[in-house]
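> Fold the following.
(one chain, ligands or ions: 1)
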Amino acid sequence: MSIIFHEKSKIFHLHNDSISYIMMILENGHLGQLYCGKRIHDREDFSYLLEKAPRPMSSCVYEDDKTFSLEHIRQEMPVYGTTDYRHPAVEVLQENGSRISEFGYQEHRIFSGKPRLEGLPATYTEDDSEAETLIITLKDELTGIKVELSYTIFARGGIVAKNMCFFNEGNGSVHLTQAMSLCLDLPDYEYEWIQLSGSWARERHVKNRILTHGITAIGSMRGNSSHEQNPFIALKRPSADEQQGEVFGVSLIYSGNFLMQAEVDAHDTLRLLAGINPSGFDWKLDPGEHFQTPEAVLVYSDKGLNGMSQTFHGLYQKRLARGYWRDRERPILNNNWEATYFDFTEEKLVEIAEKAKECGVELFVLDDGWFGKRCSDHAGLGDWIANTERLPNGITGLADRIENLGMKFGLWVELEMVNKDSDLYRAHPDWILATPGRNQSHGRFQHVLDFSRKEVVDHIYEMIAKILSEAKVSYIKWDMNRSITECYSAVLPSDRQGEIFHRYILGVYDLYERLTSRFPHILFESCASGGGRFDAGMLYYAPQGWASDNSDAAERIKIQYGTSMCYPISSIGAHVSVIPNHQVFRTTPLHTRANVAYFGAFGYELNLNKLSEEEIKEVKEQVCFMKKYRKILQFGTFYRLKSPFEGNEMVWMAVSEDQKTAIVGWYRILNCVNATFTRVELQGLNPDYQYRNSQTGRFHYGDELMNLGLITSDSTAGQAEGDAVPCTDFESRIYVLEAVE
Ligand code: DGJ
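From the prediction side, this is the model:
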């Protein structure tokens with residue numbers, strides 16, 4: 001890996017074995033984009049890639065030159081209102097009402113490693129040899145606004161991490177009304193755009209769009225990254241698929257309002273923007289102040305979507321997630337939410353935990369309802385003190401009882417919220433986000449605390465830190481059950497109200513940072529009504545997230561498949577729940593519910609006391625299986641083989657680092673009659689190893705399994721003849737392939 005600057009041609013070339021990223025200081029001092037893609041040889045001068053031509057209708061920068069128009073030049077930091085009419089990456093509103101700026105090159109620095117981002121989640125290095133960083137400084141002389149564009153290339157994988165930081169070195173205030181983290185101008189638009197979209201209980205479904213002239217965009221204006229759209233997109237060449245071909249992935253390490261946008265212009269070039277959603281954003285920058293954008297991560301893969309996902313998984317697992325739990329196999333848990341909802345007593349909880357312990361479960365999690373007057377969703381949020389009517393011995397007493405069973409204890413919180421029926425709200429009615437004179441809309445009867453205010457975050461921190469330091473709590477599920485409305489802070493001046501959404505999420509990050517550093521052994525799982533804030537920003541603090549409130553196995557196949565596009569399997573909270581399922585009222589076999597949840601941070605979301613003896617036997621086997629293979633399932637190399645969005649069957653697999661063990665999950669939604677013979681070509685095996693197939697007992701070479709495929713036919717062909725046990729709908733199988741000497 002290296003970053004080269006060619007003094008004469010003024011060209012930067014960032015490259016490693018996988019990627020080349022080439023930029024140039026243009027004749028007007030702006031920064032031009034020349035190439036981003038598969039690694040190419042370096043050369044002194046790539047300026048031939050700058051495409052200029054005299055075009056009749058173009059607006060031009062220089063008096064005597066009809067060829068230099070920013071409209072036709074690919075750029076790194078295009079600004080509003082110049083000769084470029086595409087959407088800008090940056091817009092600066094000045095005191096005289098002008099929005100025009102001119103950022104010209106000043107200097108640059110190249111160094112080993114990667115600096116941390118102040119107050120924001122970001123990828124990191126543990127050793128300076130893992131990455132190199134280039135910081136290019138541009139300045140607008142008229143306003144004195146300076147911007148540092150930071151590019152980090154990692155030694156391994158086609159990864160470039162990018163952010164910008166603005167400094168006001170002038171005498172007047174300005175307003176940043178657009179400050180995107182990443183702008184990538186590509187020379188053509190022959191790509192399919194892939195996004196992860198959905199809604200509550202059907203998050204991150206894979207959706208493809210064909211790019212065409214104009215705007216293609218996704219975003220959130222809800223204050224959280226949202227169930228509806230995820231801050232990730234991929235651009236895939238039409239001929240690329242899961243296993244081969246060119247793909248770009250862009251992920252924003254941010255949990256608030258975001259925008260990801262592709263603009264195809266009249267000359268067929270493609271501008272990709274990713275960053276804070278400019279809608280409603282207005283950050284006042286006084287002299288001496290600075291503003292840091294979130295980080296965007298660009299991944300290039302010439303090995304299809306799986307190649308892209310594996311690069312994200314490796315980076316996010318090892319160099320975004322942090323702390324004690326980062327590399328550790330995740331405990332198998334039993335959460336009481338779907339078992340009891342708000343209807344529990346200490347005794348009932350202990351009974352559930354006892355049965356879980358008998359089955360080999362390692363962690364018992366107490367969900368919503370343990371604090372204040374929280375007996376329904378109408379009251380109690382904000383009062384983080386145990387309800388001693390339900391838990392006579394408080395959280396400390398319950399945690400001790402669970403620990404005495406030989407299990408760890410975990411707790412649910414929703415720290416950003418308050419019910420009006422709470423002591424906290426009665427004491428501090430001005431602590432919620434609410435616009436004077438306007439309706440205060442609720443969501444699930446709750447309101448959002450103004451986390452842009454330090455005193456609010458401090459107060460919540462003190463309350464929860466007290467519990468965590470007194471009781472034996474090993475796990476926290478951090479929930480967030482509504483989006484923001486009427487966003488306004490009681491304390492900020494009118495010209496800073498456009499900062500609240502971002503300040504809010506900075507407050508959330510601050511609280512996460514304080515709690516994770518004070519309680520480093522606690523495993524944090526993020527949650528927002530399921531998967532409403534399942535993003536890379538959260539992964540920095542919480543190495544796993546509850547993927548969805550939908551725990552139905554058939555629904556989960558799609559949700560987890562989509563989630564795996566960007567996020568590691570170890571980060572996907574996935575539980576076995578009861579039938580009929582509580583969200584879709586569907587009945588699926590117990591083994592299928594587990595076979596889906598194995599590919600995630602595994603657990604149970606039910607009262608195991610209600611299962612039959614035969615089912616408990618099966619649960620015990622599931623727990624043993626997960627304990628034996630979770631390292632591979634959660635941290636192995638993951639491949640998507642068959643998409644649930646394209647047919648009745650879905651297949652994925654995980655391979656151990658030494659390629660000696662592979663676990664294939666095969667799933668079929670509806671049963672077939674007189675079914676066809678099916679096979680699936682596996683990936684990532686050693687062609688020369690012989691593997692034993694756990695389903696058949698037969699041995700196959702890796703090259704057999706990868707080229708002629710693993711037979712996945714239903715041996716009964718959907719018929720029930722003789723002794724054969726007929727399959728049903730929602731059938732699934734796990735194939736364990738172990739290499740033999
Ligand atoms: C939403 C979460 O996603 C559920 O798992 C549960 O924790 C409830 N909130 C509790 O209110």
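> check contacts around Leu633.
Ile569, Tyr598, Phe599, Gly600, Phe602, Met626, Ala654, Ile663 (C-beta atoms under 8 Å, 6 or more residues apart in numbering). Placement of C-beta: from N, CA and C, glycine included.
> Tell me which helix or strand it sits in.
For Leu633, the host element (DSSP states H and E) is helix 613-635.
> Quick one: mean pLDDT over that helix.
Mean pLDDT, computed over helix 613-635, is 98.
> Stretch 45-59 too?
92.
> Extract the C-alpha trace of that stretch and format it as CSV.
C-alpha atoms of stretch 45-59 as CSV (Å, rounded to 0.1, in the frame of the first residue of the first chain):
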residue,chain,number,x,y,z
ASP,A,45,1.3,11.7,-15.2
PHE,A,46,-2.3,10.6,-15.5
SER,A,47,-3.5,14.0,-16.5
TYR,A,48,-4.6,12.6,-19.9
LEU,A,49,-7.6,11.4,-18.0
LEU,A,50,-8.8,14.9,-17.5
GLU,A,51,-11.5,15.2,-20.2
LYS,A,52,-11.9,18.8,-21.6
ALA,A,53,-13.5,19.9,-24.7
PRO,A,54,-15.0,23.2,-26.0
ARG,A,55,-18.8,22.7,-25.7
PRO,A,56,-21.1,25.5,-27.0
MET,A,57,-23.4,25.8,-23.9
SER,A,58,-20.8,25.3,-21.2
SER,A,59,-20.0,27.9,-18.6
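> which of the residues in it are buried?
Neighbour-count burial for stretch 45-59, with 16 or more other C-beta atoms under 10 Å as criterion, is recorded at Phe46, Leu50, Ser58.
> Closest one of those to the ligand?
Closest approach between the buried residues of stretch 45-59 and the ligand, by C-beta to the nearest ligand atom: Phe46, at 49.8 Å.
> List the contacts of the one residue sitting closest to the centre of the chain.
Taking C-alpha atoms, centre = their mean, the centroid of the chain lies closest to Asp535, which sits 2.6 Å from it. Contact analysis of Asp535 by C-beta under 8 Å, 6+ apart lists Ser225, Asn230, Pro231, Phe232, Leu252, Ile253, Tyr254, Ser255.
> Check Arg374 too.
Phe342, Asp368, Gly380, Leu381, Asp383, Asn387.
> So the first one versus Tyr85, what's the distance?
The reference is to Phe342. 56 Å (C-beta to C-beta, to the nearest Å).
> ok, now the fifth one?
For Asp383, the distance to Tyr85 under the criterion C-beta to C-beta works out to 54 Å.
> So which of the two has more stuff around it?
With neighbours defined as other C-beta atoms under 10 Å, Asp383 and Tyr85 compare such that Asp383 has more, 21 against 16.
> Checking that one next. Helix, strand or coil?
Look at Asp383: counting by DSSP: H, G, I helix; E, B strand; the rest coil, its state is coil.
> neighbours around the residue nearest to it when sequence neighbours are not counted, how many?
Leaving out its chain neighbours, the residue that sits closest to Asp383 by C-beta to C-beta, 6 or more residues apart in numbering is Gly372, at 3.0 Å. When neighbours are defined as other C-beta under 10 Å, Gly372 has 20 of them.
> and which of the contacts of Asp535 is nearest the ligand?
Of all the contacts of Asp535, Ser225 has the smallest distance to the ligand: 14.9 Å, by C-beta to the nearest ligand atom.
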